[in-house]
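Student: Can you look at this prediction? I've put the sequence above it.
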2 protein chains.
Amino acid sequence: MRFSKLLIPTLKEAPKDAVLPSHIYLVRGGFIYQVASGIYDFLPLGKKVLDKVRAIIKEELDNVGCQEVQLGFVTPAELWKRSGRYEKYGSELLRFEDRKGNEFVLGPTHEEMMVELAKQFINSYKQLPMNLYQINLKFRDEARPRFGLMRGREFIMKDGYSFHADREDMVREFELMEATYRKIFTRMGLDFRVVEADSGAIGGEGSKEFMVLADSGEDTIVVCEGCDYAANIEAAKRKQPTAPAEAPEADLNRFHTPDVKTIEDLAKFFYVDPYYLVKTVAKKALYDEGKSEIVLFFLRGSDELQEVKAANSVGANELADVTEEELEAAGLVPGFMGPIELIRNAGVVEGAPPFHEERAHPNLTMVFDTGLEGAKNMICGANEKDYHIVGADLGVLKELKFADLAQTQEGDVCTKCGGRLTYTKGIEVGHIFQLGTRYSEPLKAEFLDQNGKSRPFVMGTYGIGVSRLLAAVIEQHHDEKGSIWPLSVAPFEVVVVVGNVKDDAQREAGEKIYKALKEKGIDVLLDDRAERFGFKMKDFELIGFPYAVVVGKKLSDGQVELIERTSLQKEVVALDHVVGKIAEKVK
Amino acid sequence: MRFSKLLIPTLKEAPKDAVLPSHIYLVRGGFIYQVASGIYDFLPLGKKVLDKVRAIIKEELDNVGCQEVQLGFVTPAELWKRSGRYEKYGSELLRFEDRKGNEFVLGPTHEEMMVELAKQFINSYKQLPMNLYQINLKFRDEARPRFGLMRGREFIMKDGYSFHADREDMVREFELMEATYRKIFTRMGLDFRVVEADSGAIGGEGSKEFMVLADSGEDTIVVCEGCDYAANIEAAKRKQPTAPAEAPEADLNRFHTPDVKTIEDLAKFFYVDPYYLVKTVAKKALYDEGKSEIVLFFLRGSDELQEVKAANSVGANELADVTEEELEAAGLVPGFMGPIELIRNAGVVEGAPPFHEERAHPNLTMVFDTGLEGAKNMICGANEKDYHIVGADLGVLKELKFADLAQTQEGDVCTKCGGRLTYTKGIEVGHIFQLGTRYSEPLKAEFLDQNGKSRPFVMGTYGIGVSRLLAAVIEQHHDEKGSIWPLSVAPFEVVVVVGNVKDDAQREAGEKIYKALKEKGIDVLLDDRAERFGFKMKDFELIGFPYAVVVGKKLSDGQVELIERTSLQKEVVALDHVVGKIAEKVK
């Protein structure tokens, strides 16, 4: 292909809202063009990279027996209602009506559609296992589309779904997919970690994310310095932190703590480590069909609430903030909240002063972090203005709901090896789920087993952010001049730059090299534009082709320059050797 | 690939609403699955054919310098408002709002988007010409989706758009696209005609359609028996039919014609050829922004109104029927309508009886078919109950609007060669348009010419119904047993059928042939299912792979059978020769 004929509109300026290198370079390099918030056109170079990414994914998936299909992008709302996600998905699900008033949604993911398909056509254990995937358009009406292809509304995703007779076979496929995804991302030249993840809106029994390591990543990953443990912070586990030396021993008592509302103030007031304080976090948990309730989460003062863990602990779709007015209306005292059941029980402890039992709300949902299990000598809010309880023993309380609510922190200890956990940032490019029967049961997708008995499919689901990969690759492969594409997904493998197109010898030599490379099956671009040499080299650096052959003044000595984009180092090569040299590097 | 592992759900029964062979066989052969009215999933075989069709299109287009892009499927309504099509497109355009209340449409075609792109990035004559295309999803909210992939709502289209400095270069590209499309459809084994067409909602200066000849086609094509002239009936031209021998001579007069309302009755009543009668057709013409008006179309009684021509003659988006009440409200007399201006003028002819001049509607839009130009001795409605005018001379009327309104009929005479015109049926699979500045002007998409002057792009646009092609191919290539895929787009080129998988020798020989064919790069399927032989052969016939190798009982004599799907003829081939034989046929 010839640069002069292609639409590669490189730009000097980045879009105003662009902060990430990938966003800046994809736009400046003429790969994409923003049509509307979170909606992009792929220009010829962008489309070409997309096709290469897609081809790698398809090849590896087909190799392990996955089958490509293409499902309707516009999907009937009915299916979503049956699975319960029409409500659960929230406002990211774009709903609309057709001319006849039938309800549809733009598919943000296709579990329902694929289950429907399986229900229709897979009815015997003999057909199992089956892994079907598509590489297709998706739409999620993000509240805040941003970062170019990183968080768009319309995007391309590979979504795969596997069907199995039992859990064991599903786990086997899950592991096969993990291995296959590793191959795919490795071929794209990515440095990534496979991390334990929260299952989110998809639901299911366990999931792993593929995180491309990059400072610009929106996800925080907890990694172990000692072993290969890695997890999204939303799912990261840790050993319970050990107690600081001295516990503040005190009899159970009500204590006047005027205006002492924060954990920090409380620690100072009592001269105790926050470890011995009960932190109370009130949130509004949002459920299906617009239902919501106030939930109190309790954890040690030294810990922070991890909201995804907290939402999962009560099966909520998400958590929202609660206003002071709402708390008061629920009989709670902001700044002085504490485990109400505790207060009630405390009231009957002999010798303790009387408490305001009428304030107790036994119907309020309360969840305790596992770190509080059996905690003694704790200080917590008395649910009365300017009062706290000291010397509380949570062990005496019955039937408390415990869950992992605390966010793992840097310096915490790995549950697998005892090593030190630290944070790193990642871009999620893949996510695999052990779904189990989360969809097959409500959607009644069943098969006949060997005994002729009807059973729901055990499912897995596997996603790759295809268009996002373009951004992820650049986040890891760029410098201050532009992108540096890995060979496997480069828009072209080599660009042959004719220094001065008015010089017949240079032009002809350029053409000759171009043709010779093409004949060798190398994906080559000829920069034959009537532009200044410096301008063309800037474009080479900005777009980021892996190699450039410069046909310039040295041609009179029978020489050209070979430049590697990674290092920008130049090598003078004899005209006759350059094609062979590139063929070696590229193959 | 192994049949036993693939999702190829062949069915005995066709869907109830399926009437076309392509619809029946695509569903029964396990290629597609209907999700909702006009929305289909492509199953593995359907996706595979789609990919082959797509690859042929891409290869031929790239060969002539077209560049593939991928535009947003969800497009901002703003662009459609600017081009004027937000209204004009009618209810096929699916409009919706995102969570923030911004208006969008699901792209049914992408002129606006592509012009926006060109406006942004093509600004100099030096960048011209440029031809950009995509092969992507489209959505049209059809009133009556039907016939499987033939008329869906969600479908895949190749849409290309070219940009030029002048008309001449646009015409050159238009011709190049015609030649390229011919190559594409020829490679797919289609028997097609390139016909002159109406430009429809896209607008522009001229267009051609690519029609696959098939009895089931929804389009009527007029073809010449003597030359290569072919046109969609909506645009077909003809020589004006010659007059029948005797014209009914009469002085201009008002004539009592009680209850004589139809052309047929009138011809009998006066003993004249319908050629000498004026047929009046009243229609409601629908314009942008909900505007409409009653229009009277006049043509010879021997002709039929061609509605698309009629709509074009007044620039309407479409024509609708008018009720008798509406006609009467407009002062017209159903059954006795005639050219009102004629009546008014006739009223002043000396000696003629008085007419009801107060009924005249000089503001009604009237269009005359060119066949009525200068027509004499005509009989037409008097616009008075039970009266007609005889001896009317249309030549005396001034400032009439003439246009080609009449539908070309079988037996009419070709304008190019004088040959006989006949009808045939076709499926539109491609449509190319000379757009001119229809979009670039309203959308202000301009470039600087050699003199530094701003000028709007001269454009062409080129479409292919990619998913519809699957149906079109089958309409032309099937028999009573199933599809017969041409090699170039077949889901697999060959199927190796193991007669009895429990027979070790047969199974092993099947595997061996399968592997040998794969090694030769042949796209082969192994039917290794534990099904009856007859069942497997029925699937071969239904799905329609071009060739089958049957490894059956003759294996003990070192022989297998080779079957061509087209003729279903069997040939006994030595085991050792079968791979070579197939390689010969396939390459």
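Tutor: Looks like it arrived, so ask away.
Student: so what's the closest residue to chain B within the stretch 301-450 of chain A up against?
Tutor: Here the residue of the stretch 301-450 of chain A nearest chain B is A:Phe447; by C-beta to the nearest C-beta that distance is 13.2 Å. The way it works is simple: take the backbone N, C-alpha and C, and place the C-beta from them, glycine included. A:Phe447 is in contact with A:122-125, A:127-128, A:163, A:165, A:454-455, A:457, counting by C-beta atoms under 8 Å, 6 or more residues apart in numbering or on different chains.
Student: try A:Tyr125
Tutor: Going by C-beta under 8 Å, 6+ apart, A:Tyr125 touches A:165, A:447-450.
Student: do A:Met113 as well
Tutor: Contacts of A:Met113 (C-beta under 8 Å, 6+ apart): A:71-72, A:75, A:79, A:107, B:35, B:41.
Student: repeat that with 7 Å
Tutor: Residues in contact with A:Met113 (C-beta atoms under 7 Å, 6 or more residues apart in numbering or on different chains) are A:71-72, A:75, A:79, A:107, B:35.
Student: Bridged to A:Val390, which residues?
Tutor: Applying DSSP bridges to A:Val390 gives these bridge partners: A:Asn253.
Student: Quick check: it touching A:Ala250?
Tutor: Yes. Between A:Val390 and A:Ala250 there is a contact under C-beta atoms under 7 Å: 4.5 Å.
Student: Give me the more crowded residue out of those two.
Tutor: Higher neighbour count among A:Val390 and A:Ala250: A:Val390, with 21 against 16, using other C-beta atoms under 10 Å in any protein chain shown.
Student: List the residues that contact the more buried one.
Tutor: Residues in contact with A:Val390 (C-beta under 7 Å, 6+ apart) are A:250, A:253, A:255, A:379.
Student: can you count the residues close to the last one?
Tutor: This means A:Ile379. 25.
Student: Could you tell me whether it really is in a helix?
Tutor: No. Under DSSP: H, G, I helix; E, B strand; the rest coil, A:Ile379 sits outside any helix and is assigned strand.
Student: Show me the strands in the stretch 301-450 of chain A, by range?
Tutor: A:318-320, A:365-369, A:378-384, A:387-392, A:402-403, A:421-436, A:446-448 (DSSP state E, counting those that start in this stretch).
Student: Need the pLDDT of the closest residue to chain B within the stretch 451-587 of chain A.
Tutor: Scanning the stretch 451-587 of chain A for proximity to chain B using C-beta to the nearest C-beta identifies A:Ala530 as nearest, at 8.3 Å. A:Ala530 is assigned 94 on the pLDDT scale.
Student: I figured it hits A:Gly499, correct?
Tutor: No. Counting by C-beta under 7 Å, A:Ala530 does not reach A:Gly499; the two are 11.8 Å apart.
Student: More neighbours: which of the two?
Tutor: Ranked by neighbour count (other C-beta under 10 Å), A:Ala530 and A:Gly499 place A:Gly499 first, with 23 against 10.
Student: Specify the beta-bridge partners of A:Lys158.
Tutor: A:Ile135, A:Ile464.
Student: could you measure it against A:Lys570, distance?
Tutor: 39 Å (C-beta to C-beta, to the nearest Å).
Student: Show me the common contact partners of A:Val390 and A:Ala250, please.
Tutor: Here A:Val390 and A:Ala250 share no contacting residue, scored by C-beta under 7 Å, 6+ apart.
Student: Low-confidence bits of chain A, can you list those?
Tutor: Across chain A, the ranges flagged by pLDDT under 70 are A:200-205, A:340-362.
Student: and it, which residues reach chain B?
Tutor: Residues of chain A found near chain B (C-beta under 7 Å from any C-beta of the partner chain) are A:5-7, A:9, A:33, A:35-36, A:39-44, A:47, A:65, A:67-76, A:91, A:94, A:96, A:98-99, A:113, A:117, A:120-121, A:130, A:132, A:137, A:139, A:141, A:154.
Student: Just want the most central residue of chain A.
Tutor: A:Glu428 (3.5 Å; C-alpha atoms, centre = their mean).
Student: which residues does that residue bridge with?
Tutor: Assigned bridge partners for A:Glu428, using DSSP bridges, are A:Met211.
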